[in-house]
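Undergrad: quick one, fold the following:
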Amino acid sequence: MFEALSGKLNGVFDRLRRRGALSEADVAEALREVRVALLEADVALPVVKDLTAKVRERAVGVEVLKSVSPAQQVVKIVHDALVEALGGGAEDSGARGIDLAAAAPVGILMVGLQGSGKTTTSGKIALRLKNREKKKVLLASLDVHRPAAQLQLETLAKQVGVASLPIVAGQTPLEIAARAMDQARRELFDVVVLDTAGRLAIDEALMAEVAAVKSATNPHETLLVVDAMTGQDAVNTARAFQEKVGVTGIVMTRIDGDARGGAALSMRAVTGAPIKLLGAGEKLEALEDFHPDRIAGRILGMGDIVSLVERAAETIDRDEAEKLAARMQKGQFTLEDYASQLKQIGKMGSLSGLLGMLPGVGKMKQQLEDANLDQTILKRHAAIISSMTVKERRHPDIIKASRKKRIAAGSGVQVQDVNRLLKQFDDMSAMMKRMNKLGPQGLKRGGLGALLPKGMQFPGGRKPF
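TA: The predicted model follows:
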């Protein structure tokens with residue numbers, strides 16, 4: 001979501017780094033470019049003015065102008081200002097995630113416009129609370145206007161393995177909400193997620209219905225679901241719901257799209273409500289906590305290693321990973337192991353999204369796009385390996401011309417694709433053998449360059465780390 005803004009801001013900072021000491025004119029020029037980048041990213045004008053004013057106040061101080069590395073200090077100042085704009089700071093450090101600190105059953109009211117992803121987000125939250133918090137969750141659809149809306153939520157409940165309120169035709173949203181809370185109390189549910197109806201646009205009927213449900217159920221959390229792709233319209237929607245209904249938090253969906261990111265930067269400042277969760281894909285597991293400091297790091301190209309590690313810990317099978325590591329240490333890595341590895345990576349999400357969490361990768365975005373690093377490569381490799389016999393997977397050296405033709409035909413690819421996979425596997429196997437031969441001390445002395453074949457360099461002739 002923040003790629004365009006990140007690219008422009010990093011361009012500004014790269015120009016600053018090429019200079020020695022910074023003058024006030026240098027800082028002023030950089031701030032003008034930062035202001036333009038923020039406005040082009042659809043950030044609200046009051047937020048842009050406030051953010052640049054904070055940066056200017058801190059950046060023109062003597063400690064920056066005389067700093068050993070003034071450009072890095074300016075980046076730090078912009079980072080801190082972004083964190084504040086996104087709702088970070090000591091005063092609300094505990095505001096992340098859904099607040100369940102209330103007597104059971106805890107009511108969570110989901111509100112928002114039609115098409116924002118409210119129903120799907122309700123299912124994602126139910127799965128999250130069930131798996132992470134070990135809560136007994138009841139899903140209830142109050143949407144009597146959209147055809148099959150209640151059936152959609154019932155289907156989602158089955159997919160995530162939680163209970164859904166039985167559908168009774170002809171009931172009003174208020175009657176459904178009262179029945180849901182009553183059933184939750186009788187059957188000792190921990191959490192009730194109430195999915196309200198949406199409209200194509202904000203109107204009095206929508207607000208009156210949502211306000212009546214909130215008054216009747218007294219939910220502990222009222223979460224507004226907004227689509228990041230709608231830009232400043234999402235901010236206007238949030239402002240309207242906050243003024244007329246009152247929300248305790250915001251969930252932004254479709255952040256994996258090509259939205260410009262301005263809504264996220266504007267939301268907290270304009271509404272005062274914290275962004276709590278981010279929807280990063282269609283999968284029911286694709287729901288992330290919102291951390292202002294981590295998002296600011298992504299915007300400035302610093303990466304988000306913590307979130308990457310957390311996602312890996314949630315999705316990777318630890319036992320399978322340990323078995324694979326043991327086989328690799330013994331030099332027994334096969335195409336079967338490679339296929340298992342691809343499957344684990346696929347669970348973590350798109351490669352472009354994962355690489356975007358690594359520091360500095362944003363600057364290589366074009367090269368990565370040219371390399372076509374996406375999920376299709378993983379799927380293609382998995383298809384090729386699945387077309388091989390068990391013997392071929394364990395002993396790839398026996399795969400000659402006739403076998404390659406059969407494997408290509410069976411997986412729907414060209415023989416060149418099979419050759420490319422086998423070459424990559426050979427390179428990977430050779431690197432693992434060198435790793436085992438060098439040992440920890442050898443790697444420490446030689447770095448990553450010690451793993452490359454003799455005479456080989458990193459892309460662009462760069463030296464190893």
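Undergrad: and the gap between residue 422 and residue 392?
TA: 10 Å (C-beta to C-beta, to the nearest Å). Every residue, glycine included, has its C-beta placed from N, CA and C.
Undergrad: would you map the strands across the stretch 1-150 of the chain?
TA: Assigned by DSSP state E, counting those that start in this stretch, the stretch 1-150 of the chain shows strands spanning 106-111, 137-141.
Undergrad: need those in JSON lines with mean pLDDT, can you?
TA: JSON lines is the format used below for the strands of the stretch 1-150 of the chain (pLDDT from 0 to 100):
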{"stretch": "strand 106-111", "mean pLDDT": "96"}
{"stretch": "strand 137-141", "mean pLDDT": "97"}
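Undergrad: of the ones you listed, which is nearest residue 225?
TA: strand 106-111 (6.2 Å; C-beta to C-beta).
Undergrad: quick check: closest non-adjacent residue to residue 339.
TA: Nearest residue to residue 339 in three dimensions, chain neighbours excluded: residue 385, at 4.4 Å (C-beta to C-beta, 6 or more residues apart in numbering).
Undergrad: surely the one you found touches residue 341?
TA: No. With contact defined as C-beta atoms under 8 Å, residue 385 does not count as touching residue 341 (10.6 Å).
Undergrad: tell me where the model's unsure across the stretch 1-150 of the chain.
TA: 1-4, 17-22, 60-72, 89-96 (pLDDT under 70).
Undergrad: where do the helices of it begin and end?
TA: When assigned using DSSP state H, counting those that start in this stretch, the helices of the stretch 1-150 of the chain occupy the ranges 3-17, 24-40, 45-59, 62-65, 70-85, 118-131, 149-160.
Undergrad: any chance of these in JSON lines, plus mean neighbour count?
TA: Formatted as JSON lines, the helices of the stretch 1-150 of the chain follow (neighbours: other C-beta atoms under 10 Å):
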{"stretch": "helix 3-17", "mean neighbour count": "17"}
{"stretch": "helix 24-40", "mean neighbour count": "17"}
{"stretch": "helix 45-59", "mean neighbour count": "17"}
{"stretch": "helix 62-65", "mean neighbour count": "14"}
{"stretch": "helix 70-85", "mean neighbour count": "20"}
{"stretch": "helix 118-131", "mean neighbour count": "23"}
{"stretch": "helix 149-160", "mean neighbour count": "18"}
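Undergrad: want to throw those helices into CSV with distance to residue 268?
TA: Shown next, in CSV, are the helices of the stretch 1-150 of the chain (distance: least, C-beta to C-beta, whole Å):
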stretch, distance to residue 268
helix 3-17, 16
helix 24-40, 15
helix 45-59, 9
helix 62-65, 26
helix 70-85, 7
helix 118-131, 19
helix 149-160, 29
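Undergrad: ok, which of the ones you listed comes nearest residue 195?
TA: helix 118-131 (4.5 Å).
Undergrad: which one's more surrounded, residue 385 and residue 341?
TA: residue 385 (23 against 19; other C-beta atoms under 10 Å).
Undergrad: just after the helix or strand encompassing that one, pick out the following helix or strand.
TA: Under the assignment given by DSSP states H and E, the secondary-structure element containing residue 385 is helix 375-386. The helix or strand immediately downstream of helix 375-386 is helix 390-394, counting by DSSP H and E.
Undergrad: domain assignment for this structure?
TA: With domains defined by automatic domain parsing, the chain comprises 3-92, 106-295, 309-461.
Undergrad: in JSON lines: those, plus distance to residue 100.
TA: JSON lines is the format used below for the domains of the chain (distance: least, C-beta to C-beta, whole Å):
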{"stretch": "domain 3-92", "distance to residue 100": "17"}
{"stretch": "domain 106-295", "distance to residue 100": "5"}
{"stretch": "domain 309-461", "distance to residue 100": "19"}
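Undergrad: go through these and pick out the most buried.
TA: Comparing the domains of the chain by mean neighbour count (mean count of other C-beta atoms under 10 Å), domain 106-295 ranks first with a mean of 20.
Undergrad: so what's residue 183 up against?
TA: 138, 165, 189 (C-beta atoms under 8 Å, 6 or more residues apart in numbering).
Undergrad: I'd like these written out as JSON lines, with distance to residue 215 added.
TA: Shown next, in JSON lines, are the contacts of residue 183 (distance: C-beta to C-beta, whole Å):
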{"residue": "138", "distance to residue 215": "20"}
{"residue": "165", "distance to residue 215": "20"}
{"residue": "189", "distance to residue 215": "21"}
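Undergrad: ok, the residue nearest the centre of the chain to residue 41 distance?
TA: For the chain, the residue nearest the mean C-alpha position is residue 280 (4.6 Å; C-alpha atoms, centre = their mean). Distance of residue 280 to residue 41, given as C-beta to C-beta: 19 Å.
Undergrad: what of residue 125?
TA: Applying C-beta to C-beta, the value for residue 125 to residue 41 is 28 Å.
Undergrad: do residue 128 as well
TA: 29 Å.
Undergrad: those strands in the stretch 251-400 of the chain, which residues are they?
TA: 275-279, 287-289.
Undergrad: mind showing which ranges of the stretch 351-465 of the chain have poor pLDDT?
TA: The low-confidence ranges in the stretch 351-465 of the chain, as defined by pLDDT under 70, are 351-375, 434-465.
Undergrad: helices along that one, start to end?
TA: Counting by DSSP H, counting those that start in this stretch, the helices of the stretch 351-465 of the chain are 351-355, 365-370, 375-386, 390-394, 401-411, 415-446.
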